[in-house]
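Chemist: below: sequence and its predicted model.
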Amino acid sequence: MAIDFTLSPELEELRIRIRAFVSDVIAPVEAEIEGHGDHEPLGGRDRINKLIELRKQAHAAGIWLPHMPEEWGGMGLGHVELAMVQAEAAKSRYGPWVFNCQAPDEGNMHTLLHWATDEQKEKYLKPLCEGRTWSCFAMTEPEVAGSDPTLIQTHAYEDGDEWVINGHKWFISNARRADFAILVCRTEDDPDIPQAANSAFIIDLPQEGWNDVREVETMHGGTGHSEIVITDLRVHKDQMLGGRGQGHLLGQYRLGPARLAHCMRWIAQAETALDMMVDRSLNRFSHGSLLAEKQGIQWMIADSTMELYQSKLMVLHAASKIDAAATDDSVDFKAEVSMAKHFVANMLNRVIDRAIQVHGALGYSTDTPLAHMYQHARWARFADGADEVHQMRIAQRTINAYTDDGSTRRATGDLPI
């Protein structure tokens, strides 16, 4: 049988090491940084120094850059193996960053590895892998629906050996601290198909014409999602990433694995919430019995358990298809990633909501991490494609499968069952 959900002894040992590193090394420093207990929160240089020291320890422990090939200083893990790492790393807010597998840098590393020239890799990918630089991905615009990149209005025109870019971007995560951006803009006024209108450029930051207007305040505060106005920004033609008109293709290549990486981290958050829910139910006495003995609470625990189980299976299957596609061009993983992204994002919101309910007023307070987790979780349902867009694509694929084959099997994972 080819289906096997066990890890090799080496990978199981790695998972245990990562789990121990997160709980024994990262968690105490996270508590110190956040000001848990009697500590005041750390800020400025003190906070940065603590985080950099964690990165140095992770590098020394051989838990660094799990998603990149060994020749780039990474661990060379496939996406199934990466799911194991991310699901452990994201038990801490800082875990993915400490291991250098955080968004948006992780997705940008994959993109540069696949699309960049050798010169671009040396200049941008190498320092990103080494943890010496940060990056951002600039695609979303306020004037048009972010789920439809064919509507992008940021425009570039040729002027000799340069492109001149004008436009407006927002919710560009990491932009304020990034050393460079991968910018998607319209370069073709009359493409053969709408998906061939855009191209991508690597933009060194800071740069004249790239104007950081503000950091957009969100439900979970101001955490680096910038609004950018681009005015007559000049970039040399050698800074184009990929071919002309391939910006849409590049973006879709990047978003598939990036969506699934989000799901891996969301599973970690949901599992944390479920652990907290069960722990609370075993220690809270009300109306003659523990909460764990009450049917209403048991149903919330059961629903959360089943949904987390479904999420793990969906992520593992989608990850296996991404791994298979690396050596077989006929393998398409878009449908599985889309379904996983939609389901896991909604599962995350439901499980955290139930955990808050079981904790009562305590869960609504900031005395536990649940309130902040809930604020972050709401973003999951529209990041990298809104729920409704994924549902539309899922329905289209299901209808097409039935029209082509007389069966919906292909649309439901094309599994041997």
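Modeler: Right, received. Where do you want to start? Note that the structure is a prediction, hence the values are computed from the model and not measured.
Chemist: and Trp170, its phi and psi?
Modeler: The phi/psi pair for Trp170 (degrees, to the nearest 10) reads phi -150, psi 170.
Chemist: burial of it, as a residue count?
Modeler: The burial count assigned to Trp170 is 19, neighbours taken as other CB atoms under 10 Å. Where you see a C-beta, it was placed from the backbone N, CA and C, and this is true even at glycine.
Chemist: pretty sure Ser199 is in a helix, no?
Modeler: No - applying DSSP: H, G, I helix; E, B strand; the rest coil, one finds Ser199 to be strand, outside a helix.
Chemist: gap between it and Ala258?
Modeler: 20 Å (CB to CB, to the nearest Å).
Chemist: one more: Asp414?
Modeler: Distance, Asp414 to Ala258, by CB to CB: 23 Å.
Chemist: the more surrounded of these two?
Modeler: Ranked by neighbour count (other CB under 10 Å), Asp414 and Ala258 place Ala258 first, with 23 against 12.
Chemist: list the contacts of that one.
Modeler: By CB atoms under 8 Å, 6 or more residues apart in numbering, the contact set of Ala258 is 103-104, 106-107, 110, 384.
Chemist: pLDDT check: weakest of those?
Modeler: Scanning the contacts of Ala258 for pLDDT, the smallest score is found at Asp384, 87.
Chemist: neighbours around it, how many?
Modeler: Other residues near Asp384 come to 24 when the count uses other CB under 10 Å.
Chemist: so it sits against Leu255, correct?
Modeler: Yes - counting by CB atoms under 8 Å, Leu255 is a contact partner of Asp384 at 5.7 Å.
Chemist: strands of the stretch 201-350 of the chain, start to end?
Modeler: For the stretch 201-350 of the chain, the strands defined by DSSP state E, counting those that start in this stretch occupy 210-215, 225-236, 240-241, 285-286, 289-290.
Chemist: Asp192 is nearest to which of those strands?
Modeler: Between Asp192 and the strands of the stretch 201-350 of the chain, the tightest spacing by CB to CB is seen for strand 240-241, at 19.0 Å.
Chemist: partner strands of the closest one, parallel or antiparallel?
Modeler: When sheet partners are counted by DSSP bridges, strand 240-241 sits next to strand 198-204 (antiparallel).
Chemist: and the strand it pairs with, what's buried?
Modeler: 198-203 (16 or more other CB atoms under 10 Å).
Chemist: which pLDDT value goes with the nearest residue to Asp189 once chain neighbours are set aside?
Modeler: In space, Asp189 comes closest to Ala197 once its chain neighbours are excluded; the distance is 7.9 Å by CB to CB, 6 or more residues apart in numbering. pLDDT, Ala197: 94.
Chemist: Ala197 and Glu162, how far apart?
Modeler: 20 Å.
Chemist: so which of those two has more stuff around it?
Modeler: Ala197 (22 against 16).
Chemist: so what's the more buried one up against?
Modeler: Going by CB under 8 Å, 6+ apart, Ala197 touches 150, 152, 186-189, 191, 245, 247-248.
Chemist: can you give me the end-to-end span of stretch 204-215?
Modeler: End-to-end distance of stretch 204-215 (CA to CA, to the nearest Å): 19 Å.
Chemist: now do stretch 327-339
Modeler: Length of stretch 327-339, first residue to last, CA to CA: 23 Å.
Chemist: please identify the buried residues of it?
Modeler: Using 16+ other CB under 10 Å as the test for burial, stretch 327-339 gives 333-339.
Chemist: and the helices in the stretch 51-200 of the chain?
Modeler: Applying DSSP state H, counting those that start in this stretch to the stretch 51-200 of the chain gives helices spanning 79-89, 95-98, 105-115, 118-120, 126-129.
Chemist: JSON lines please, covering the ones you listed and showing distance to Ser23.
Modeler: As requested, those are exported to JSON lines (distance: least, CB to CB, whole Å):
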{"stretch": "helix 79-89", "distance to Ser23": "9"}
{"stretch": "helix 95-98", "distance to Ser23": "10"}
{"stretch": "helix 105-115", "distance to Ser23": "22"}
{"stretch": "helix 118-120", "distance to Ser23": "38"}
{"stretch": "helix 126-129", "distance to Ser23": "26"}
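Chemist: re the thing from before, biggest separation within the contacts of Ala197, which pair?
Modeler: Greatest spacing in the contacts of Ala197, by CB to CB: Asp189 and His248 (15.1 Å).
Chemist: who's more crowded, these two?
Modeler: His248 (22 against 8).
Chemist: any idea how far the more buried one is from Arg186?
Modeler: Distance from His248 to Arg186, by CB to CB: 10 Å.
Chemist: again, but for Glu307
Modeler: Using CB to CB, Glu307 is found at 40 Å from Arg186.
Chemist: just Lys50 next, same as before
Modeler: Distance from Lys50 to Arg186, by CB to CB: 42 Å.
Chemist: the more surrounded of these two?
Modeler: Taking other CB under 10 Å, Lys50 and Arg186 do not tie; Arg186 has more neighbours (22 against 15).
Chemist: what bridges to the more buried one?
Modeler: Per DSSP bridges, the residues bridged to Arg186 are His155, Asn198.
Chemist: contact partners for it?
Modeler: When contacts are counted by CB under 8 Å, 6+ apart, Arg186 touches 152-156, 197-198.
Chemist: please redo it, this time with the cut-off set to 10 Å
Modeler: Taking CB atoms under 10 Å, 6 or more residues apart in numbering, we find Arg186 in contact with 149-157, 165, 167, 197-199, 245, 247.
Chemist: most distant residue from the centre of the chain?
Modeler: Gly288 (43.9 Å; CA atoms, centre = their mean).
Chemist: and the pLDDT for that residue?
Modeler: With respect to pLDDT, Gly288 scores 96.
Chemist: same question for Gly222.
Modeler: Value for Gly222, per-residue pLDDT: 69.
Chemist: for Gln120, same thing?
Modeler: pLDDT for Gln120: 98.
Chemist: got it, and Met1?
Modeler: pLDDT for Met1: 55.
Chemist: begin at 37, not 1, for the rest of this chat.
Modeler: Understood, numbering begins at 37; the last thing we discussed is Met37.
Chemist: mind listing what Gln411 touches?
Modeler: Contact analysis of Gln411 by CB under 10 Å, 6+ apart lists 254-257, 388.
Chemist: can you tell me which of those residues has the most neighbours?
Modeler: Highest neighbour count within those: Ile388, with 30 neighbours (other CB under 10 Å).
Chemist: what's the offset of the one helix or strand that one maps to from the middle of its chain?
Modeler: Secondary-structure assignment from DSSP states H and E places Ile388 in helix 370-395. Here helix 370-395 is found 14 Å from its chain centre; the criterion is CA atoms, centre = their mean, to the nearest Å.
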